[in-house]
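> Build me a model:
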Amino acid sequence: MYVVKVPNRASPPAVLLRESYREAGKVKNRTLANLSSWPEAKVEALARVLKGQPPPAADLDGAFEITRSLPHGHVAAVLGTARRLGLEGLIDPVPSRQRDLVTAMAVAQVIAPDSKLAIARGLRGQTAASSLGEVLHLGGCDEDDLYAAMDYLHGRQEQIQDALAARHLAGGTLVLYDVSSAAFEGRTCPLGAIGHPKDGVRGRLQIVYGLLTSTDGIPVAIEVFAGNTGDPATVAAQVAKVKDRFGIGRVVLVGDRGMLTAARLREDVAPAHLDWITALRAPQVKALVRDGDLQLTLFDQADLAEITSPDFPGERLVACKNPFLEAERARKRESLLAAAEAGLGKIAAACARTRAPLRGTDKIAVRVDRILSRRKVAKHFTIEITDDSLCYTRDQDSIAAEARLDGIYVLRTSVAASDLDGPQIVSAYKALAQVERAFRAFNTDLDIRPIRHRTEDRVRAHVFLRMLSYYLSWHMQARLAPLLFTDDDKQAAHAARPSPVAPAARSPRALAKAATKHTPADQPVHSFATLLADLGTICLNTIAPADPALPGFRLVTTPTPLQRHALELLGVSHRLGIV
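Have a look, this model is predicted:
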C-alpha cells in the first residue's frame, strides 16, 4: 500500500490510499480510500508507516480498525483450481444458486471436511468460517438449502460423470475399478446393510461403493450399492456404464481377483467385448505349479515370464516373482506361526497345571481351533489332543510347500501381446494402487464417514460429492507436488525401479525432501493438509477508518514467498473473488 497525491485543476490534489498487486503477471493498482479530508500531518504519518518508517509525531494508533478477518487463501486456492478445471461448468453449464451451493460443498470438503450443518454455518455471513460464502455470493443458507442442492446434484450425476469420462477416458484406454465400503449411521436408508467391512468398522450397517478411475487415478465415476453387495456383483453395472453410457470404443478393465471372477468375466465382461486384466487366486497358482504349466525355475534368470495353460484357453498369463513380497510373506508367516505357538503353549500349560487343570477333548479342541482359526495357520501344525493333554508341532513340509510360492503371483488378461507386453500388463495391474489411494482419501482426508442421510438419493449424492472433492484435491496435489512430500520427479522414480515387478521407488529428489524437510529452493515441505492451513492464514480483512466520514475498505493479506509460490503453481490469485 502507498499514499499518492493526484493533481486536480479545480481543487487541491486528492490524497488516495492505494494498493499494488500482481495478477496474471501484470502489476495493477486499486484505490482503497480517499484521504483528502485528513490533516497533512496524519497523511504524512500514514505514508511513513506504510514505508516501514516510524511516524514523526502523529500517532496512528486508533486511526483504523480491523472489523473482520476471514481466512481466504485456501478458498482462493481450492475454488480457483475448481474454476481452472471447469468444475462449475461440469456441474451445470447454466449458472444458478444450486450450482454455487454444490461448488461450495465440494470446496469446503477439501478445506475442512464437516457435516452439512457445519458447512452451512460456515457459509453464512454472521458465522462464516472463511470467505467461501462471500466469494460465491451465497448470502444466507442453511442445511435445508444444502440438502436441496444435493438432490439437484443427484439428478445431474450421470451427465457430470459422462463429461468426466469424455475428458479423461477419451479413446481406447485402461479403466481402473475397485470397491470399498463405509460404515453407515442410522437404520432408515435401504442401502444400509451388514456386509464384509473393508474400512475396519465391524458389526455396523454399511454401504458399498465402486470407483472408476483413469490409469493416473483421476476419479471418473462412482456408484453406491447396498452394504451386503459382494464385489463381483458390482461389475455388471460398471461394464454397462463404461461400454454403453461412456461410449468408449476400446476399453481394458483392470480389477483385482476378488472382483473380476471367472463368472463375472464370462457373464458380464466378455459379452460386452471388453478387454480385461486381473490376477489368479492362490489355489489357481498352486494348480499351475502342480500341473507343470508354471515352472519355478523360470524365475532363476528373470522375475517375469509369460506362460500358457489349457485351463485358461485364449488368455495370456504373466507370472511374476517379487523378492520384496517374498520376504514380507515369509516374515508375516513366521509371525503368525509364533503367535499361534504362544497361544497353543498357554493351552498346553492349562492342561498340565495342578490346580483346576483343563480337561476334556472337546474343550481343548475348541480352544485350539479358536487360536488356529484366528491366525489362519491350522494347515501348518500337527495337533494331538487327548482328554488331558495337548501336543503340537509345526508341519515343516506344509510350510516349505507354501514358502515355495512366496512372492509369486500370476496375472491373466485378454489383451493381445501386440497391444500390451508383459511389463505393461504388470504396470497396469499395479496401477490399481491409485484407486486404493482414492479410497484412503475418501475414508480419511475427505471423511466419507459418518454417513447420516436417510434416503438412497442423499447417500448417493453424499458419496458423489466426496468424489468431486477428491477430483479437486487430486489435481491440486499434482500441481503442488514440488512443495509437498509427494514425489514430483516421476521420471527419475521410474528409472530407479529395477523392474515392473519391484515395489515403486522414490526419486532422489523426493528422498531429499523427506530427509531435509525442505525443497531444493530451501522452502519448507508440507503435507497437503498443512499447506492448505498455511494458505488459510491469508485473510480477507475488513478495515474501517476511525473517521466516520471516510469509507471502509477491504484488504487481503500479502502472501509469504511460500504462499505465493503455491498459488503460482496452482495458477490462481490470492485476490480471487475480491472486488
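> Mind pulling up the pLDDT for the closest residue to L576 other than its chain neighbours?
Among residues not flanking L576 along the chain, A76 sits closest, at 4.0 Å (Cβ to Cβ, 6 or more residues apart in numbering). In short, each C-beta sits where N, CA and C put it, glycine included. Note on A76: pLDDT of 96.
> So what's the residue count around A76?
As a burial measure, A76 scores 26 neighbours (other Cβ atoms under 10 Å).
> tell me the secondary structure for it?
For A76, the assignment made with DSSP: H, G, I helix; E, B strand; the rest coil gives helix.
> wait, it sits on G571?
No. Counting by Cβ atoms under 8 Å, A76 stays clear of G571, with 11.3 Å between them.
> quick one on the thing from earlier: list the contacts for the residue nearest to L576?
Listed by Cβ atoms under 8 Å, 6 or more residues apart in numbering, the contact set of A76 reads 135, 535, 538, 567, 572-577.
> For it, give its distance to I160.
Noted for A76: a distance of 24 Å to I160, by Cβ to Cβ, to the nearest Å.
> Quick check: L191 vs V224, distance?
The spacing between L191 and V224, counted by Cβ to Cβ, is 6 Å.
> same thing with A24?
Counting by Cβ to Cβ, the gap from A24 to V224 is 41 Å.
> With P561 instead?
In this view, P561 and V224 are 44 Å apart by Cβ to Cβ.
> With neighbour numbers in mind, choose between these two.
Set side by side, P561 and V224 show unequal neighbour counts under other Cβ under 10 Å, the larger going to V224 at 21 against 9.
> Surely the more buried one is within a helix?
No. Counting by three-state DSSP, V224 falls outside a helix, being strand.
> Who are the contact partners of it?
Contacts of V224 (Cβ under 8 Å, 6+ apart): 191, 207-209, 456, 459-460, 463.
> Just the residues you listed: which are in strands?
Among the contacts of V224, the members falling in strands (DSSP state E) are 207-209.
> Output those residues as JSON lines; include the columns pLDDT, neighbour count and distance to I451.
Listed next are those as JSON lines, based on pLDDT from 0 to 100; neighbours: other Cβ atoms under 10 Å; distance: Cβ to Cβ, whole Å:
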{"residue": "I207", "pLDDT": "87", "neighbour count": "27", "distance to I451": "7"}
{"residue": "V208", "pLDDT": "87", "neighbour count": "25", "distance to I451": "12"}
{"residue": "Y209", "pLDDT": "88", "neighbour count": "27", "distance to I451": "10"}
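> Out of the residues you listed, the closest to Q396 would be?
Closest to Q396 out of those is V208 (41.2 Å), distances taken as Cβ to Cβ.
> Tell me the bridge partners for the closest one.
For V208, the beta-bridge partners under DSSP bridges are S181, F225.
> That one touches T234, doesn't it?
Yes. Between V208 and T234 there is a contact under Cβ under 8 Å: 7.0 Å.
> Now for the two: what residues contact both?
Here V208 and T234 have 179, 225 as joint contacts, going by Cβ under 8 Å, 6+ apart.
> low-scoring stretches of the stretch 401-550 of the chain, by residue?
Across the stretch 401-550 of the chain, the ranges flagged by pLDDT under 70 are 445, 549-550.
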